[in-house]
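**Q** The sequence and its predicted three-dimensional model are supplied below.
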Amino acid sequence: DQQVKQNSPSLSVQEGRISILNCDYTNSMFDYFLWYKKYPAEGPTFLISISSIKDKNEDGRFTVFLNKSAKHLSLHIVPSQPGDSAVYFCAAGLGGTSYGKLTFGQGTILTVHP
Amino acid sequence: ETGVTQSPTHLIKTRGQQVTLRCSSQSGHNTVSWYQQALGQGPQFIFQYYREEENGRGNFPPRFSGLQFPNYSSELNVNALELDDSALYLCASSLGDLAGQETQYFGPGTRLLVL
C-alpha cells in the first residue's frame, strides 16, 4: 500500500526555469510533509516542510504547496540551477506519538540543464 | 555542530550472517530513526529510538533489532541476512520534541550487499 506517491520518475528542466515536483498521498491523517533532496552516495538532505494547517511555505527559491482536499503537494524551485540536479523525495508524517515514522515517496530525478 | 554519521560506509556479507550498523546522532538530538532504502525506492521506516527506548516500528521482521545508548548513538542489528536485505541503510536523528512535527536529519547511509 503506497501511501505516498511520486508519479513522475524524472523531470528535465532548463536552467533558470521553474521546476515543479509533485506528490500525492492517500492517508488524510498525515500531519506534516517534508521534501528531501538526495545526491548519489549521500543521505537525504532536508529542504523544506509544511504543516497540514498551512497551504504554502516558502524558503528562498523553494516553495511547497499543499492541497489537502486533493491530497496533493508540490515543490516549486525558482529559478532552477544545475546544482539542483538530484533525486527529490517527498515524505509525510503522522505527528503526535507516531511523529517519528516518515512515509516516503519513490523519488523524482530532477535534471537541470545549463 | 556535528551532523549524523554512520559506519561502516559499505559492507559485504553472505546469507545467514549477522550485521551491526552504527549511527551517531546530530549534536543535541535524542531520537534516532532507521530506514531501509532499496534500489529505486524511497526510504522505508524500520524503527525509532527515543531516549534508549523503541518508539515505533515499521513492517520489518524481528530479526531487525536495535539499540540506543545513553549518548544517543544507535545500532541496527540484522540477523540471518537474506539477499533482499541488500540496501542502503539510513539513520536519521531528530530533537525528540513529542509535541512537535519533527524534521529528521539523515546520515550518509551504509550500503549493505548480501551475497
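**A** Ah, there it is.

**Q** hey, which helix or strand in chain B has the poorest pLDDT?
**A** strand B:53-57 (a mean of 89; mean pLDDT, DSSP states H and E).

**Q** Would it count as contacting chain A?
**A** Yes - contact between strand B:53-57 and chain A, assessed by Cβ under 8 Å from any Cβ of the partner chain, occurs at B:55-56. Backbone N, C-alpha and C define where each C-beta goes, glycine included.

**Q** Can you tell me the strand partners of that strand and which way each runs?
**A** Strand B:53-57 pairs in its sheet with strand B:44-50 (antiparallel), by DSSP bridges.

**Q** Alpha carbons only: can I get the partner strand in CSV?
**A** Extracted C-alpha coordinates of strand B:44-50, given in CSV (Å, rounded to 0.1, in the frame of the first residue of the first chain):
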residue,chain,number,x,y,z
GLN,B,44,11.2,2.7,4.4
PHE,B,45,10.9,3.2,8.2
ILE,B,46,12.4,0.3,10.2
PHE,B,47,12.1,1.7,13.8
GLN,B,48,12.8,4.6,16.0
TYR,B,49,14.6,5.0,19.4
TYR,B,50,13.8,7.8,21.8
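
**Q** Quick one: residues in contact with it.
**A** The contact list for strand B:44-50, computed with Cβ atoms under 8 Å, 6 or more residues apart in numbering or on different chains, reads A:100-104, B:30-38, B:54-60, B:64, B:66-68, B:74, B:76, B:96.

**Q** on that earlier part again, distance between the least confident helix or strand of chain B and the chain's centre?
**A** Here the centre of strand B:53-57 is set off from its chain's centre by 12 Å, with Cα atoms, centre = their mean, to the nearest Å.

**Q** Give me every residue in chain B lying close to chain A.
**A** B:4, B:6, B:31, B:33, B:35, B:40-45, B:48, B:50, B:55-56, B:58, B:90, B:92, B:94, B:98, B:100-109.

**Q** related to what we said a few turns ago, give the buried residues for the least confident helix or strand of chain B.
**A** Using 16 or more other Cβ atoms under 10 Å in any protein chain shown as the test for burial, strand B:53-57 gives B:55-57.

**Q** mind exporting it as CSV, just the C-alpha atoms?
**A** Taking Å, rounded to 0.1, in the frame of the first residue of the first chain, the C-alpha atoms of strand B:53-57 are listed here in CSV:
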residue,chain,number,x,y,z
GLU,B,53,13.5,3.0,24.2
GLU,B,54,12.0,1.7,21.0
ASN,B,55,9.3,4.3,19.9
GLY,B,56,7.6,2.8,16.9
ARG,B,57,8.4,0.1,14.4
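
**Q** Perfect, that will be all.
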